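Colleague: prediction below, plus the sequence it came from.
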Amino acid sequence: MDLEALTEKSGEWLRGTGPESDIVVSSRIRLARNLAQYPFISRCDDTTKTEIETLLKAKMDEVAAGRRLQYLDVDDLETLDRQFLVERQLISREHADSTGSRGVGISDEETLSVMINEEDHIRIQVLRSGLSLDECWSEINSFDDALEEEVTYAFSEKLGYLTACPTNVGTGIRVSVMLHLPALVMTKEIQKVFQALHKISLAVRGLYGEGSQAVGDFYQISNQVTLGKSEDQLIQTLKDVVPNIVDYERRVRTALVKENRQSLHDTVARAYGILRNAQTISSEETMHLLSSVRMGINLGLIDNLEIPEVNELFIQTQPAHLQKLRKSELGSAERNSARASFLRRRLSGGGSGEEN
Amino acid sequence: MKKCQQCSKPATLHITEIREGEVQALHLCESCAQEYWHSELESSETEDASNSPFPMSMVEDELEELDSLSCPNCGISFKQFRAQGRLGCPHDYVAFEAELLPLLENIHGDTAQHCGKAPKRAPDASQRQYRLIRLRNDLRSAVDMENYEEAAQIRDEISELEQELGEITDTTE
Ligand SMILES: [Zn+2]
Ligand SMILES: [Zn+2]
């Protein structure tokens, strides 16, 4: 696979097209599977890992029938390229940082990726934009069915799919949804959401924070339980809960606009202004400001920019993407200035004559 | 910019965790964050006694006895599992069944019975595969011990089993 070609485009999940995509950035399902005839990864020597990789790579090609699944030998990749795949959410950070034979198969649209020799022998992931868990499930389930005909999975009647870590045993499924919740964060209402989700055993993980702020505006909500409930039940739990959170965020946004439209507009406009004019800017500040701008677009406070473009900027301003686009390795200070110039260029198309 | 609360390098990851219903914000640099993801699991399983799935009443030598258990297939001891948080092979779920049960109930709730998707393939195939793991492990140690006669015997057994498993694959296709 040509990684350079990937830098030119963006994954399906950034397209901002699915249902509720103003708030639900993406939906993701992953399945953990292991081959019955091998030890788990931590007890595999390198020869065994290579054997597993060779076997699975061949099986995957057969299974992929009809769709192209391009394979990358992760062990062979440069650090920068591995980081690049992490930023695109195609491999996990653990997979990038570990050692020995391992790889990933990636579909054309970047919706499906299959990690080999991560924590488990096989980690299948489907990632799509918006709230689209049913689509994710049908895609991943049929791939899993097809692969299962070619190999023998470690499985027991009682404990289901057997995984290296007992937290994944059973269905081996992790269902997650990435939400953009700036208004709930701003008003601290988010705490109530946390408490409610905790009560029903859903995990919340916040990422992408800004330096001075305790939490960022992006939250990933996922199931913790994998045993004793069916895949459908676990997916349904998220499908029931997410619309309530989305509603809550929308209500708070409306209230914010009603109470203090001017101040909110000011925050959004300043964020946009900094992004279009800064000469040097950190990744954290970029995330924080893009978050304001993203909400501003949804509230009609910015009208010459689209959500998919902002989604892309979140990814493209991250360190590895920036360096791939620049085609050179950059130190932290150089990155900050490269990031600022990249943002100025990308956001100057708006036609406002403010830059002079 | 906030500093990493572990090592005071600039923090690039800001994580919100909920523990016991309390919201907790963590500020970590790249490398400490990685360590955090790795250790998160293990710490909740082992180090911290209050989070331990093992009853407090368990006395030292009971735990020691528990730790000395090991899987006949892959050779991992329960102690090693507790230290790394990852099992050694699928058979560990049988070998450590009683020991894992409180842990599973702690994570997944009281019903430790799978009720989701299941592979459509011959169910006894898995059992034979476990035997294959054990034989390969035996083979390795036989070779290490330069016990070539035994190694040859094991090799025969492996190829026999592999053939049987091959036949199962053929009939399902
Ligand atoms: Zn640190
Ligand atoms: Zn074992």
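Modeller: Arrived safely, thanks for sending. Ligands and ions are numbered 1, 2, ... in the order given.

Colleague: buried residues, the helix or strand of chain A with the lowest mean pLDDT. List them.
Modeller: For chain A, scoring each helix and strand by mean pLDDT, DSSP states H and E identifies helix A:3-8 as the least confident one, at a mean of 73. Using 16 or more other Cβ atoms under 10 Å in any protein chain shown as the burial criterion, the residues of helix A:3-8 that qualify are A:6-7. No exception for glycine: its C-beta is placed from N, CA and C like everyone else's.

Colleague: what helices and strands are in contact with it?
Modeller: helix A:79-87, helix A:319-326 (3 or more Cβ pairs under 8 Å, 6 or more residues apart in numbering or on different chains; DSSP states H and E).

Colleague: possible to save those as JSON lines with mean pLDDT, mean neighbour count and distance to ligand 1?
Modeller: Conversion of these to JSON lines gives the following (pLDDT from 0 to 100; neighbours: other Cβ atoms under 10 Å in any protein chain shown; distance: least, Cβ to the ion, whole Å):
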{"stretch": "helix A:79-87", "mean pLDDT": "93", "mean neighbour count": "19", "distance to ligand 1": "18"}
{"stretch": "helix A:319-326", "mean pLDDT": "90", "mean neighbour count": "19", "distance to ligand 1": "17"}
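
Colleague: relative to ligand 2, which of those helices is closest?
Modeller: For ligand 2, the closest of those is helix A:79-87, at 29.9 Å, according to Cβ to the ion.

Colleague: do the helix or strand residue A:114 falls within and chain B meet?
Modeller: Element membership of residue A:114 [criterion: DSSP states H and E] is strand A:112-116. No. Judged by Cβ under 8 Å from any Cβ of the partner chain, strand A:112-116 stays clear of chain B, getting no closer than 15.6 Å.

Colleague: tell me the buried residues in the strand or helix carrying residue A:315?
Modeller: Take DSSP H and E as the rule and residue A:315 turns out to sit in helix A:307-316. Neighbour counts over helix A:307-316 (16+ other Cβ under 10 Å) mark A:307, A:309-316 as buried.

Colleague: again, but for stretch A:60-74
Modeller: Buried residues in stretch A:60-74, counted by 16+ other Cβ under 10 Å: A:60, A:63-64, A:69, A:71-72, A:74.

Colleague: now for the residues you listed: which two are most distant?
Modeller: The span of these, defined through Cβ to Cβ, is set by A:63 and A:74 at 19.5 Å.

Colleague: ligand 1 contacts on chain B?
Modeller: B:4, B:6-7, B:9, B:29, B:32 (Cβ under 5 Å from the ion).

Colleague: so which residues of the stretch 1-150 of chain A form helices?
Modeller: Taking DSSP state H, counting those that start in this stretch as the criterion, the stretch 1-150 of chain A carries its helices at A:3-8, A:46-63, A:79-87, A:93-97, A:133-148.

Colleague: which helix runs longest in chain B?
Modeller: Determined from DSSP state H, the single longest helix within chain B is helix B:148-172.

Colleague: packing partners of that one?
Modeller: Other helices and strands packing on helix B:148-172, by 3+ Cβ pairs under 8 Å, 6+ apart, are helix B:124-144.

Colleague: using CSV, write out every CA atom in the helix it packs on.
Modeller: Once side chains and other backbone atoms are set aside, the C-alpha atoms of helix B:124-144 remain, and they are given as CSV (Å, rounded to 0.1, in the frame of the first residue of the first chain):
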residue,chain,number,x,y,z
ASP,B,124,-14.3,-30.4,19.1
ALA,B,125,-11.8,-28.8,16.7
SER,B,126,-10.9,-26.3,19.4
GLN,B,127,-10.1,-29.1,21.9
ARG,B,128,-7.8,-30.8,19.4
GLN,B,129,-6.1,-27.4,18.7
TYR,B,130,-5.3,-27.0,22.4
ARG,B,131,-3.6,-30.4,22.3
LEU,B,132,-1.6,-29.2,19.4
ILE,B,133,-0.4,-26.2,21.4
ARG,B,134,0.7,-28.5,24.2
LEU,B,135,2.5,-30.8,21.9
ARG,B,136,4.3,-28.0,20.2
ASN,B,137,5.3,-26.7,23.6
ASP,B,138,6.5,-30.1,24.6
LEU,B,139,8.4,-30.4,21.4
ARG,B,140,10.3,-27.2,22.1
SER,B,141,11.3,-28.2,25.6
ALA,B,142,12.3,-31.7,24.3
VAL,B,143,14.6,-30.1,21.7
ASP,B,144,15.9,-27.7,24.3
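
Colleague: quick one, the longest helix of chain B and helix B:124-144 angle?
Modeller: Between the axes of helix B:148-172 and helix B:124-144, defined by axes from the mean of the first three to the mean of the last three Cα atoms, to 10 degrees, the angle is 160 degrees.

Colleague: tell me the mean pLDDT for helix B:148-172?
Modeller: The average pLDDT for helix B:148-172 rounds to 79.

Colleague: give me the contacts around that helix.
Modeller: Residues external to helix B:148-172 that are found in contact with it (Cβ atoms under 8 Å, 6 or more residues apart in numbering or on different chains): A:37, A:149, A:152, B:120-122, B:125, B:128-129, B:131-132, B:135-136, B:138-139, B:142-143.
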